[in-house]
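Participant: Pasting the sequence and the predicted model now:
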Amino acid sequence: MEDVPRRPYRRVILKISGESFAKPGEHGIDPAELAAIAQEIATAASGETQVAVVVGGGNIIRGATLAQPGRIDQSTADYMGMLATVINGMALREALAGLGQDCRLMTAIDIPAVGERFIRARALRHFEKGRTLVLAAGTGNPFFTTDTCAALRGAELNADVLLKATKVDGVYTADPKQDPTATRYETLTFSEAVAKQLRVMDLTALTMCMEHNLPVVVFDFKTPGNIRRVVAGERIGTLVTN
């Protein structure tokens, strides 16, 4: 079947994990990793596509892990994780601004000295003005992951697609590091992902995308140019749809 040229998406939600800001096996924010991510996003956002980036905070704090010993309540640990995403969001905003990219940091909890409170109408106005959004603090509620935040913001902002940037080039039948026979899915349905318990994203996020008919592309962002290519509509990684 002949390949059909694909058009760039009109509006995308790009989900980047906190680990992306650190070198493999390390914590915190590595300047080189931050610069590479910012350059990729700035290049992708320089076209006609509106981009909102949802950042994780696992390079600093993972709420679920912090709460496991039982000394810190899960709710408190999750709020600490939200603050970690704000730190990453501030760093990414500054890196993007340094590249000349007009952007705004919007948070789900009130930190007026750091960023704007996320308000849908205001976010849409920023898009109209050609600005890139960096979305931090998750949904603003404990017990919800940043994957769920990405799905929620995608539905709220009428995004065309949710792009999940990972360290692997898609969704596999099994963990390719442990099973050499594992194969990658080119396409997948939400129902299949749920039934086969494939680790696309957490179940709440997956269900929200399914209910709102929001396609998800899981792709390897470490390959230079991949963010630009996926935003431009090129078929890379695994596409998950209804």
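Facilitator: That came through, no problem. Numbering: from 1, shown residues only.
Participant: which SS class is the closest residue to residue 238 other than its chain neighbours?
Facilitator: Spatial nearest neighbour of residue 238, chain neighbours left out: residue 170 (3.7 Å); criterion: CB to CB, 6 or more residues apart in numbering. C-betas here are computed from N, CA, C, even on glycine. Put simply, residue 170 is coil when judged by DSSP: H, G, I helix; E, B strand; the rest coil.
Participant: what's around residue 170, how many residues?
Facilitator: 21 (other CB atoms under 10 Å).
Participant: Then residue 48?
Facilitator: Count around residue 48 with other CB under 10 Å applied: 12.
Participant: Hmm, it is touching residue 8, no?
Facilitator: Yes: counting by CB atoms under 8 Å, residue 48 does reach residue 8; the two are 5.8 Å apart.
Participant: Tell me where this protein has strands.
Facilitator: Under the criterion DSSP state E, the chain contains strands at 11-16, 50-55, 103-107, 116-117, 132-136, 161-166, 187-189, 216-220, 238-241.
Participant: Could I get the buried residue list for the helix or strand of the chain with the lowest mean pLDDT?
Facilitator: Across the helices and strands of the chain, mean confidence by mean pLDDT, DSSP states H and E is lowest for helix 63-67: a mean of 84. For helix 63-67, burial by neighbour count (16 or more other CB atoms under 10 Å) applies to 63, 66-67.
Participant: Show residues contacting that helix.
Facilitator: With contacts defined as CB atoms under 8 Å, 6 or more residues apart in numbering, helix 63-67 is touched by 72-74, 76-82, 142.
Participant: one step back: could you pull up the contacting residues of the residue nearest to residue 238?
Facilitator: 184-186, 218-220, 237-238.
Participant: Can you check the pLDDT for it?
Facilitator: Residue-level confidence at residue 170 comes out at 92, pLDDT.
Participant: distance of it from residue 157?
Facilitator: Distance, residue 170 to residue 157, by CB to CB, to the nearest Å: 25 Å.
Participant: Check residue 216 too.
Facilitator: 15 Å.
Participant: and what of residue 62?
Facilitator: 26 Å.
Participant: Turn the strands of the chain into JSON lines, columns for mean pLDDT, distance to residue 92 and mean neighbour count.
Facilitator: Shown next, in JSON lines, are the strands of the chain (pLDDT from 0 to 100; distance: least, CB to CB, whole Å; neighbours: other CB atoms under 10 Å):
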{"stretch": "strand 11-16", "mean pLDDT": "97", "distance to residue 92": "8", "mean neighbour count": "25"}
{"stretch": "strand 50-55", "mean pLDDT": "98", "distance to residue 92": "6", "mean neighbour count": "28"}
{"stretch": "strand 103-107", "mean pLDDT": "98", "distance to residue 92": "8", "mean neighbour count": "23"}
{"stretch": "strand 116-117", "mean pLDDT": "97", "distance to residue 92": "15", "mean neighbour count": "15"}
{"stretch": "strand 132-136", "mean pLDDT": "98", "distance to residue 92": "5", "mean neighbour count": "28"}
{"stretch": "strand 161-166", "mean pLDDT": "95", "distance to residue 92": "13", "mean neighbour count": "25"}
{"stretch": "strand 187-189", "mean pLDDT": "94", "distance to residue 92": "29", "mean neighbour count": "15"}
{"stretch": "strand 216-220", "mean pLDDT": "95", "distance to residue 92": "19", "mean neighbour count": "24"}
{"stretch": "strand 238-241", "mean pLDDT": "95", "distance to residue 92": "25", "mean neighbour count": "22"}
